[in-house]
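Give me coordinates for this.
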Amino acid sequence: MSGLTMTPAKVKHVRVALNGVLLLDKPVGLSSNDALIQAKRLLNAKKAGHTGTLDPFATGLLPLCFGEATKFSHDLLDADKTYETVVHLGITTETGDTEGAHVSVHEVTATRDQIEAVLGQFRGAIQQTPPMYSALKRDGKPLYEYARAGITLEREARAVTIHELTLLGYETPFVRLRVSCSKGTYIRVLGEDIGKALGCGAHLNALRRTQVGNLRLVDATELESIRQSTAEQRLALLQPVDALLSDFAAIQLSDTLAERFLHGQRISLAKEGFPEVFALGRKRVYRQSDQQFLGSALLQEFQVLAPERLVSATS
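Just a heads-up that it's a prediction; the model follows:
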């Protein structure tokens, strides 16, 4: 027919069902969600999620979960974490980091010995008040929304544990620290509290996460490296799903018991003749014949193995 043009049909982009964990070295200035979106696009993945956020000004280890690994992403939220940070003494900011406006400026006279003495106050179990500039929610709204509106709410202090707090260097007014801590610890608040204890105030100048559970920054990849990789090289960057559970002891099941486990059945290890008595708690479970990861389980009293999160048989 003359005068008519044909509009080409749109081709639907098909994403791939990948399963695994990508250890990303998040760059400064990028939110964790934006980093996830970019990595998901680069790997052409169908389903992805992260395991807890890093602030945009922070860098370092951000484990990203794909496919079946997303079922276990919550486990890293509870894991201990390690950071290296630079605390800028003498200046406080609205946000406790470089992204907020200056609130106060004080002279810095602290010596290295004084800093070492103050750090001792923050090792072990401590109480910490969550900052207003945080994603914690009150009445369905994150605290940072209240803070941006100029509203300050009462927050209850909560218990956290600082496993390690090491002074790496001090060049006035910058204090370099390594911190290993429990879940729920705000390094920004730790920096502010150290400055308060020294009488001069402080904020974080830099923050880099180096470890989450047993996952380490040294094994992570930058977004730019992924962009420059081939499709095959990108897939090779994925660690197996069970990398998220490396803290848990492993239990091996026979083919018959593995089938029962995958159907959600509880298994009495004692009745099945297991020669080993395992400590109670969470476990990662495998099929012995091919070492396939089956999922996580809770080992209860009387050596009863209760399935928790299972890996899809098609993964």
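
Where does the prediction get shaky in the stretch 201-315 of the chain?
Scanning the stretch 201-315 of the chain for pLDDT under 70 picks out the ranges 313-315.

Show me the strands in it, by range?
Ranges of strands within the stretch 201-315 of the chain are 202-212, 215-216, 249-253, 267-268, 281-287, 292-300, 304-310, based on DSSP state E, counting those that start in this stretch.

Can you list the strands that the second one pairs with?
In other words, strand 215-216. Neighbouring strands of strand 215-216 in its sheet, by DSSP bridges, are strand 202-212 (antiparallel).

And for the third one?
Strand pairing for strand 249-253, using DSSP bridges, gives strand 281-287 (parallel).

Not counting its own residues, what contacts the partner strand?
242, 245, 248-255, 258, 261, 292-299, 305, 307-308 (C-beta atoms under 8 Å, 6 or more residues apart in numbering). Bear in mind the C-beta positions are built from the backbone N, C-alpha and C, glycine included.

now for the longest strand belonging to the chain, which elements pack on it?
Identified as the longest strand of the chain according to DSSP state E is strand 158-171. Secondary-structure packing of strand 158-171 (3 or more C-beta pairs under 8 Å, 6 or more residues apart in numbering; DSSP states H and E): helix 112-119, strand 124-128, strand 174-181.

Could you export those as CSV, including mean neighbour count and distance to residue 18?
Formatted as CSV, those follow (neighbours: other C-beta atoms under 10 Å; distance: least, C-beta to C-beta, whole Å):
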stretch, mean neighbour count, distance to residue 18
helix 112-119, 14, 43
strand 124-128, 13, 37
strand 174-181, 20, 31
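
can you put those in CSV and add distance to residue 215 and mean pLDDT?
Shown next, in CSV, are the helices and strands packed on strand 158-171 (distance: least, C-beta to C-beta, whole Å; pLDDT from 0 to 100):
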stretch, distance to residue 215, mean pLDDT
helix 112-119, 26, 97
strand 124-128, 24, 96
strand 174-181, 14, 98
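
okay, how far is it across stretch 42-49, tip to tip?
In stretch 42-49, first residue to last residue: 14 Å (C-alpha to C-alpha, to the nearest Å).

nope, stretch 108-115 is what I meant
For stretch 108-115, the end-to-end distance is 11 Å (C-alpha to C-alpha).

which outside residues touch it?
89-90, 167, 170, 172-173, 175, 194, 198, 200.

quick one, phi psi at residue 94?
Here is the backbone geometry of residue 94 (degrees, to the nearest 10): phi -60, psi -30.

Compute the number of surrounding residues for it.
Applying other C-beta atoms under 10 Å, we find 16 residues neighbouring residue 94.

Could you measure from it over to residue 291?
According to C-beta to C-beta, to the nearest Å, residue 94 and residue 291 sit 52 Å apart.

try residue 160
Taking C-beta to C-beta as the measure, residue 160 falls 37 Å from residue 291.

between the two, which one's more packed in?
Between residue 160 and residue 291, residue 160 has the larger neighbour count (other C-beta under 10 Å), namely 17 against 10.

which ones are touching the more buried one?
Residues counted as contacts of residue 160 (C-beta under 8 Å, 6+ apart) are 125-128, 181-185.

Name whatever forms a beta bridge with it.
The partner residues for residue 160, given DSSP bridges, come to residue 126.

What does the pLDDT read for it?
On pLDDT, residue 160 comes in at 96.

ok, which stretches of the stretch 1-150 of the chain are helices?
32-43, 74-77, 112-119, 143-148 (DSSP state H, counting those that start in this stretch).

List the neighbours of the longest one that are in contact with it.
Right, the one you point to is helix 32-43. For helix 32-43, the external contacting residues (C-beta under 8 Å, 6+ apart) are 16, 18, 22, 24, 26-27, 30, 48-50, 52-54, 62, 64, 66, 223, 226-227, 234-235, 238.

try 6 Å this time
24, 26, 48, 50, 53-54, 62, 64, 223, 226, 234 (C-beta atoms under 6 Å, 6 or more residues apart in numbering).

And stretch 200-214, by the same measure?
Everything outside stretch 200-214 that qualifies as a contact, by C-beta under 6 Å, 6+ apart, is 58-61, 63, 76, 79, 81-93, 96-97, 104, 106, 108, 187-188, 191-192, 195, 217, 246-247.

Mind checking which of those are in strands?
Applying DSSP E to these, the entries found in strands are 59-61, 63, 81-89, 91-93, 104.

For residue 80, list the residues it contacts.
Contacts for residue 80 (C-beta under 6 Å, 6+ apart) come out as residue 182.

What's the separation between it and residue 173?
29 Å.

Next one: residue 4, what pLDDT does it get?
61.

Please read the previous query as pertaining to residue 9.
For residue 9, the model assigns a pLDDT of 54.

tell me the domain boundaries of this protein?
Annotated domains of the chain cover 20-78+215-241, 81-203, 248-310 [automatic domain parsing].

Burial-wise, tell me which of those domains comes out on top.
Each of the domains of the chain was scored by mean neighbour count; the highest is domain 20-78+215-241, a mean of 18, by mean count of other C-beta atoms under 10 Å.
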